[in-house]
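> turn this into a model:
(one chain, ligands or ions: 1)
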Amino acid sequence: MRIRSRSSVLGPVAALVGALALSVVCPGQAVAGRAVVGGRSVQMSDAPWMVALASRDRFGDARSGQFCGGVAVSRSTVVTAAHCMRPEVLGVDWREVPDLRVVVGRGDLGGEEGQELPVRRVWVNPEYDPRTHAGDIAVLTVDQPLTPLPMAPKGDPAYRPGTAAAVYGWGDTRGDGSYSRTLRSAPVRVLDDARCADAYPSGGDGTYRAASMVCAGLPEGGRDACQGDSGGPLVAHGKLIGLVSWGSGCGEAGSPGVYTRMSAVAPLVAAHG
Ligand code: 4AZ
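Purely as a prediction, here's the structure:
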């Protein structure tokens, strides 16, 4: 994962510096081009389980304070990435964010459609390992009824390599700090664990662990999750198979997106939802 630049808080100069820093940290990212990277706009009615995590206090009003994605998995439970709740993202401990919200039904973050729901309870996986990125899951509870997406259980064919999947988010569309105002989705394919283990051996930015992660993309790159999409869903066969977690750059050939494998964390969700 990389940390979303807090441009709305820090102002345009910092945003420019941040964008330049990103292009240094992630060379080649910009050439992947085209928007999520390689995606298209989707209507909220086609993804009613999609939510934005937001704090206007931390990230400003322009995009409803969005900083990560999330997905409803029951009428009161949202799952997201553990790393979204870290001070590297929020600037402070999540307990000190005065207005943590789950935004539902708002495809255009510049608008007022839908609702900003207060978060009743937060559980961040204490086993999350920022070195490998294993265990990247947090569970948020809200009071109002949500529209859930079912999680694909262990052994579900949706996890098979080659399966058509889609990733959703309001994140960076070009790898240069261009966060989207509208919800986007990119079609990708579930990739073979061996390919992902080759792409991300131990000792790098993270380590691919097939037991707890799943990876997706296209062999030629061009479609991927990016900064700001973290915690959002990877959907296949109408079920949730992954949460946007990390990867090297965005949409680069040979560097697929890595996701928290839902079947591996389902017991944690059940215990903390
Ligand atoms: C991030 O920083 C991030 N291309 C998420 C996904 C990917 C890279 C970065 C995968 O949140």
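
> which stretches of the stretch 101-250 of the chain have low pLDDT?
Scanning the stretch 101-250 of the chain for pLDDT under 70 picks out nothing.

> ok, which stretches of the stretch 51-200 of the chain are strands?
66-72, 77-80, 101-104, 115-118, 121-124, 138-141, 164-169, 184-190 (DSSP state E, counting those that start in this stretch).

> of those, flag the one that's most buried.
strand 66-72 (a mean of 28; mean count of other C-beta atoms under 10 Å). Where you see a C-beta, it was placed from the backbone N, CA and C, and this is true even at glycine.

> right, is that one up against the ligand?
No - applying C-beta under 6 Å from any ligand atom, one finds strand 66-72 separated from the ligand by no less than 7.7 Å.

> what's the angle between that strand and strand 164-169?
Interaxial angle of strand 66-72 relative to strand 164-169 (axes from the mean of the first three to the mean of the last three C-alpha atoms, to 10 degrees): 140 degrees.

> list the helices and strands strand 66-72 packs on?
strand 50-54, helix 56-59, strand 77-80, helix 87-90, strand 101-104, strand 239-246 (3 or more C-beta pairs under 8 Å, 6 or more residues apart in numbering; DSSP states H and E).

> OK, contacts around H237?
152, 156-158, 163 (C-beta atoms under 8 Å, 6 or more residues apart in numbering).

> could you check how far V97 is from A81?
16 Å (C-beta to C-beta, to the nearest Å).

> with V89 instead?
From V89 to A81 the distance is 9 Å (C-beta to C-beta).

> overlap of the contact sets of these two?
By C-beta under 8 Å, 6+ apart, the residues touching both V89 and A81 are C68.

> who's more crowded, those two?
A81 (30 against 22; other C-beta atoms under 10 Å).

> tell me the contacts of L117?
With C-beta under 8 Å, 6+ apart, L117 has these contacts: 101-104, 142-144.

> of the residues you listed, closest to W123?
V142 (13.1 Å; C-beta to C-beta).

> right, and the closest one touches V122 too?
No - taking C-beta atoms under 8 Å as the definition, V142 is not a contact partner of V122, at 10.7 Å.

> can you tell me the residue of this structure closest to the ligand?
Nearest residue of the chain to the ligand, counting by C-beta to the nearest ligand atom: G247, 2.8 Å away.

> tell me if I'm right that that residue and P256 touch.
Yes - checked against C-beta under 8 Å, the pair G247 and P256 is within contact range at 6.5 Å.

> what do those two both touch?
215, 224.

> G60: neighbour count?
Other residues close to G60 by other C-beta under 10 Å number 17.

> sorry, that was for G105
Counted with other C-beta under 10 Å, G105 comes out at 16.

> how close does it sit to W49?
11 Å.

> what does the protein have sitting close to the ligand?
Close to the ligand, as judged by C-beta under 6 Å from any ligand atom, the chain has residues 1-2, 224-227, 229-230, 244, 246-247, 250, 257.

> among those, which ones are in strands?
244, 246, 257 (DSSP state E).

> format the residues you listed as TSV; extra columns: neighbour count.
As requested, these are arranged in TSV below (neighbours: other C-beta atoms under 10 Å):
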residue	neighbour count
V244	35
W246	24
G257	30
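
> show me which of the residues you listed is closest to T207.
Taking these together and measuring to T207 by C-beta to C-beta, the closest member is W246, at 10.1 Å.

> contact partners for that closest one?
Residues near W246 by C-beta under 8 Å, 6+ apart: 1, 83, 133, 136, 205-206, 258.

> tally of neighbours for L109?
If we define neighbours as other C-beta under 10 Å, then L109 has 22 of them.

> my read: it touches F67, true?
No - using C-beta under 8 Å, L109 is not in contact with F67, being 10.9 Å away.

> how long is stretch 176-194 from one end to the other?
Terminal residues of stretch 176-194 are spaced 30 Å apart (C-alpha to C-alpha, to the nearest Å).

> same thing with stretch 64-82?
21 Å.

> just the mean pLDDT for it, thanks.
Average pLDDT, stretch 64-82: 98.
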